[in-house]
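Colleague: sequence and predicted structure are below.
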Amino acid sequence: MYPFHRVFCSLPIGAANTLAAAALVTAGLVACSPKTDTAPAADATPAFVPPPASTGPALQPTDLYHLESVTSVAISPDGKRVAYSVGHHDSPQRTTPSLMVVELPSGQPAPVGPAKSSGSAPHWSPDGKSLAYEGSADGQSGLWVAQSDGSGATFIAPMDGTNFPVPGSGNRISWSPDGKQIAFVSSTPGPETAAAEGDPHVFTRYLYKPDAAEGVHPFQDNKRLHVFIADVASKQVHQLTSGDRYEHSIAWAPSGDKILFESNMEEHPDENFNYDILTAGVSDGAIHQLTHQVGPKYGAVWSPDGSKIAYAHTTRPITSMETTAEDDHLYIMNADGSNAHLVTGQADLRYGVPQWSADGSQLYFTLQDHGQVRLEREPAAGGAPEVVVGGDGSLGYSGWSLAKTGAVAYAYSTPTSPPQLYVTTGTGAPQQLTHLDQDILGGKQIAPVERLEVKTKDGLTVEAFLTRPANVGSSPAAHSVPLVVNAHGGPHGEQGPEFNSTNQIYAGHGFATLMVNYRGSTGYGQAFEDKILNDQDGGEMRDVLDAVDAALAKYSWLDPNRLGVEGTSYGGQVADFLPTMTTRFKASIPTAGVSNLVTETYVSYYHDYLPSEYKGNFNSPERKDILWNHSAVRFANKVTTPMLIIHGANDNDVPWVQAEEYYIALKQAGDQTELVLYPNEGHGIRGTGHQVDKLTRSMQWYDKYFAPAPTDEHKKTSVGN
């Protein structure tokens with residue numbers, strides 16, 4: 001359950017998976033495009049100065065202000081330059097990106113755009129001499145074009161977005177083949193805008209709330225996304241598409257006469273999530289719908305000769321704009337939409353959107369597998385895949401790019417570092433081009449991450465990852481280290497060995513953390529994902545408990561009497577529900593968790609998530625009872641674990657009423673609980689200042705309830721003191 005904006009975020013493209021993406025933003029691994037800069041008022045408060053980086057061996061919450069990460073990446077067609085955005089966390093607000101370009105092989109970076117500008121989503125012109133991007137500088141926000149070395153940036157046209165949920169949307173910029181024009185996506189007001197923004201607010205749409213990440217407005221703006229074309233030389237702009245739908249994910253055809261885009265063409269699009277693939281004629285705007293199959297399509301891209309289109313696709317009749325249990329797979333069709341077929345030879349795993357090799361013989365794509373994301377390629381005609389980028393870590397979902405030469409630039413997170421920029425030519429070792437966090441992490445004790453295979457009580461094999469505090473020696477004392485379960489969102493997401501700032505900060509504080517890829521997680525095949533269907537707050541919760549038991553059995557230094565649990569989004573749901581099943585956890589910290597599946601179905605910005613998980617709507621009391629019987633709030637009277645409930649005050653994915661219901665139910669049951677609401681936060685805590693506060697507050701909560709209870713003798717001597 002989770003992000004997007006007025007701000008455009010670089011999130012996983014493919015099956016909509018906002019729940020899993022929430023964890024990436026909360027961890028500071030996803031950056032968003034900037035809003036328009038505004039000059040501060042004369043009496044404005046002084047600029048924020050982040051506290052200095054800590055000097056000790058342990059990573060501290062305030063060090064988040066100094067961490068940076070590579071997000072969007074684009075390599076020039078000739079493979080000689082790489083443009084990339086860097087996410088900065090040096091203010092209390094959300095991450096802001098700056099755009100850089102590096103020349104190869106020297107690796108010397110240069111900024112793109114004017115001083116004090118921000119930028120992201122770079123796109124090279126076909127000849128590699130110019131770079132288009134989304135940026136903000138000098139009070140102008142939108143489409144910019146710079147020279148290949150980053151100099152001479154020129155503002156071309158405004159680009160406006162929408163806070164209506166358009167999950168999994170792809171490219172908002174695409175060059176014409178001759179490099180003279182740029183197609184881009186922007187928004188115009190919709191027919192409902194006046195009534196919805198009036199006094200009173202009048203709603204007629206089924207979906208009337210903003211997307212998960214927005215965090216500011218209570219209602220969506222009803223703006224529609226359309227395709228525009230700008231002439232680079234004259235800066236003249238004309239609108240290509242119009243109407244009351246949302247056109248996005250664009251790609252200019254190699255022939256130059258049409259532009260590919262995606263849109264929901266269902267009769268009732270608010271109620272039925274599906275993207276089809278269409279084209280718009282460049283000269284006349286004539287629309288042709290190429291696909292009519294059930295299930296959303298993502299990331300459609302032309303083959304180099306324009307004869308075929310590759311895309312990712314799910315095919316189940318009930319899916320969700322929020323998260324889906326079905327893995328995307330790769331399809332190819334002819335340019336006119338005929339002969340759509342599944343590419344043979346694909347694994348039983350979740351695929352990302354494809355890119356073609358320069359000769360059109362290969363497809364490149366990301367693949368989720370056992371807690372990692374790697375880059376592979378396989379013949380477009382079908383056949384055995386080949387690993388291009390792998391190893392102990394994960395590729396950024398939107399952080400890779402393919403040159404005509406076959407070189408690949410990519411952002412990659414290892415167990416010891418947030419995403420850095422690499423390039424590989426296919427021969428020799430990859431070249432690391434950035435070392436953004438070396439000054440911060442170089443002197444820190446980075447905790448190792450160990451894989452743990454768990455056999456559940458019902459015979460399922462589940463994988464977990466334990467972060468072991470670096471100061472735990474080879475022979476630690478028995479039961480000396482607390483263990484915190486850090487559950488992932490989704491539920492159709494995954495965790496792995498890549499750098500996790502929360503786990504590393506906890507390790508510096510002396511806590512071990514356990515991440516469990518419970519049933520329903522991606523990266524383990526379709527059957528494994530489907531095991532959570534019709535059974536949320538069921539088998540996956542037992543998987544987590546079995547993983548805790550396995551960790552305690554393997555690592556005698558873990559303390560079974562000091563167990564905590566936390567997570568964001570579905571991870572928050574895990575932290576909500578586990579304390580209703582057991583008294584083993586001494587503290588729980590759910591963030592943005594669903595406590596009542598019944599009300600979540602009706603108050604979220606989407607209404608298709610639980611019907612897709614439970615294979616049907618909930619129009620009868622009997623169907624609603626299924627959800628009620630799987631809701632933590634129903635069993636609040638069983639909870640004895642102290643709960644620190646955290647939520648964004650403007651969360652429209654999991655509205656904060658979910659936190660409110662559980663908080664009051666726990667209060668009425670006499671449990672120790674606190675409710676923390678962060679202003680101007682949507683789904684997941686994104687502002688760096690709020691992240692710092694959340695981590696500090698969480699460690700204090702654990703410290704308080706992990707402390708041993710006073711003995712009777714201590715109680716006696718303490719009386720009257």
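Modeller: Great, that's in hand.

Colleague: going forward, measure contacts and count neighbours with C-alpha atoms only.
Modeller: Will do.

Colleague: need the helices for the chain, in chain order.
Modeller: Read by DSSP state H, the chain holds these helices, from start to end of the chain: 18-26, 193-197, 438-441, 501-508, 526-530, 539-554, 570-581, 597-603, 609-613, 621-628, 657-668, 688-706, 712-718.

Colleague: tell me how many other residues surround the nearest residue to residue 131 once chain neighbours are set aside.
Modeller: In space, residue 131 comes closest to residue 124 once its chain neighbours are excluded; the distance is 4.6 Å by CA to CA, 6 or more residues apart in numbering. For residue 124, the neighbour count with other CA atoms under 10 Å is 25.

Colleague: please apply the same query to residue 49.
Modeller: By the measure other CA under 10 Å, the count of residues near residue 49 is 10.

Colleague: okay, it and residue 544: tell me how far apart.
Modeller: In this structure, residue 49 and residue 544 are separated by 41 Å, where distance is defined by CA to CA, to the nearest Å.

Colleague: ok, now which ones touch the residue nearest to residue 109 when sequence neighbours are not counted?
Modeller: For residue 109, the nearest residue in space outside its immediate sequence neighbours is residue 102; the separation is 4.1 Å by CA to CA, 6+ apart. Residues counted as contacts of residue 102 (CA atoms under 8 Å, 6 or more residues apart in numbering) are 81, 82, 83, 108, 109, 110, 149.

Colleague: of those, which pair is most distant in space?
Modeller: The most widely separated members of the contacts of residue 102 are 83 and 108, with 11.7 Å between them, by CA to CA.

Colleague: what are the bridge partners for the nearest residue to residue 451 once chain neighbours are set aside, then?
Modeller: In space, not counting the residues next to it along the chain, residue 451 is nearest to residue 465; the distance is 4.6 Å by CA to CA, 6+ apart. Here residue 465 sits in beta bridges with residue 451, residue 515, as judged by DSSP bridges.

Colleague: which residues does residue 465 contact?
Modeller: Under the contact definition (CA under 8 Å, 6+ apart), the residues listed for residue 465 are 449, 450, 451, 452, 495, 496, 497, 514, 515, 516.

Colleague: so residue 539 makes contact with residue 533?
Modeller: No: here residue 539 lies out of contact with residue 533, judged by CA atoms under 8 Å, at a distance of 10.0 Å.

Colleague: and the gap between residue 549 and residue 590?
Modeller: Distance, residue 549 to residue 590, using CA to CA: 21 Å.

Colleague: okay, these two: which has more neighbours?
Modeller: Set side by side, residue 549 and residue 590 show unequal neighbour counts under other CA under 10 Å, the larger going to residue 590 at 28 against 15.

Colleague: bridged to the more buried one, which residues?
Modeller: Following DSSP bridges, residue 590 is listed with bridge partners residue 567.

Colleague: may I have the residues that are in contact with it?
Modeller: Under the criterion of CA under 8 Å, 6+ apart, the neighbours of residue 590 are 565-568, 571-576, 643-646.

Colleague: just curious, which of these is nearest to residue 281?
Modeller: The nearest member of the contacts of residue 590 to residue 281, counting by CA to CA, is residue 568 at 43.6 Å.

Colleague: which residue packs closest to residue 83, ignoring adjacent ones?
Modeller: residue 101 (4.2 Å).

Colleague: hmm, back to that, ok, residue 83 and residue 108, which is more surrounded?
Modeller: Taking other CA under 10 Å, residue 83 and residue 108 do not tie; residue 83 has more neighbours (31 against 11).

Colleague: the more buried one and residue 185, how far apart?
Modeller: Spatial separation of residue 83 from residue 185 under the definition CA to CA is 21 Å.

Colleague: before we move on, what about residue 337?
Modeller: When residue 337 is compared with residue 185 (using CA to CA), they lie 23 Å apart.

Colleague: do residue 558 as well
Modeller: Taking CA to CA as the measure, residue 558 falls 52 Å from residue 185.

Colleague: of those two, which one has the most company?
Modeller: The neighbour comparison of residue 558 against residue 185 (other CA under 10 Å) goes to residue 185, with 26 against 23.

Colleague: hang on, the more buried one packs against residue 228?
Modeller: Yes: taking CA under 8 Å as the definition, residue 185 is a contact partner of residue 228 at 6.1 Å.

Colleague: the residue nearest to residue 83 pairs with what?
Modeller: Beta-bridge partners, per DSSP bridges, of residue 101: residue 83, residue 110.

Colleague: list the contacts for it?
Modeller: Going by CA under 8 Å, 6+ apart, residue 101 touches 81, 82, 83, 84, 109, 110, 111, 112, 148, 149, 150.

Colleague: can you check residue 248 too?
Modeller: By CA under 8 Å, 6+ apart, the neighbours of residue 248 are 169, 170, 171, 172, 185, 225, 226, 227, 261, 262, 263.

Colleague: buried subset of the contacts of residue 465?
Modeller: By the neighbour-count criterion of 16 or more other CA atoms under 10 Å, those include these buried positions: 449, 452, 495, 496, 497, 514, 515, 516.

Colleague: from memory the second one sits against residue 464, does it?
Modeller: Yes: counting by CA under 8 Å, residue 452 does reach residue 464; the two are 5.0 Å apart.

Colleague: buried sites along stretch 608-622?
Modeller: With burial defined by 16+ other CA under 10 Å, the residues of stretch 608-622 counted as buried are 608, 609, 610, 611, 612, 613, 614, 617, 618.

Colleague: what about it, start to end distance?
Modeller: Using CA to CA, the gap from the first to the last residue of stretch 608-622 comes to 18 Å.

Colleague: for it, what is the average pLDDT?
Modeller: For stretch 608-622, the mean pLDDT works out to 90.

Colleague: run the chain-centre distance for it.
Modeller: Stretch 608-622 has its average C-alpha position 25 Å from the chain's average C-alpha position, going by CA atoms, centre = their mean, to the nearest Å.

Colleague: contact partners of that stretch?
Modeller: Judged by CA under 8 Å, 6+ apart, the contacts made with stretch 608-622 from elsewhere in the structure are 271-272, 318-325, 532-535, 597, 601, 623-624.

Colleague: where does the stretch 1-150 of the chain have low pLDDT?
Modeller: Regions of the stretch 1-150 of the chain meeting the criterion pLDDT under 70 cover residues 1-45.

Colleague: same thing but at 50, please
Modeller: For the stretch 1-150 of the chain, the stretches flagged by pLDDT under 50 are 1-42.

Colleague: quick one, strands of it?
Modeller: 68-75, 81-88, 96-103, 108-111, 118-124, 130-137, 140-147 (DSSP state E, counting those that start in this stretch).

Colleague: for the second one, packing partners?
Modeller: Helices and strands touching strand 81-88, by 3 or more CA pairs under 8 Å, 6 or more residues apart in numbering; DSSP states H and E, are strand 68-75, strand 96-103, strand 118-124.

Colleague: just the angle for it relative to strand 118-124, thanks.
Modeller: Orientation of strand 81-88 against strand 118-124 (axes from the mean of the first three to the mean of the last three CA atoms, to 10 degrees) gives an angle of 160 degrees.

Colleague: tilt between strand 81-88 and strand 68-75?
Modeller: 150 degrees.

Colleague: and residue 454, how close does it get to residue 174?
Modeller: With distances taken as CA to CA, residue 454 is found 46 Å from residue 174.

Colleague: and those two? which has more neighbours close in?
Modeller: Remark: of residue 454 and residue 174, residue 174 carries more neighbours, 25 against 22, as counted by other CA under 10 Å.

Colleague: and the more buried one, how far from residue 229?
Modeller: Distance check for residue 174 against residue 229: by CA to CA, it reads 9 Å.

Colleague: and residue 546, by the same measure?
Modeller: Spatial separation of residue 546 from residue 229 under the definition CA to CA is 56 Å.

Colleague: and those two? Which one has more around it.
Modeller: When residue 546 and residue 229 are compared for neighbours, residue 229 comes out ahead with 23 against 19, by other CA under 10 Å.

Colleague: how far away is the more buried one from residue 280?
Modeller: Counting by CA to CA, the gap from residue 229 to residue 280 is 12 Å.

Colleague: I appreciate the help and will end here.
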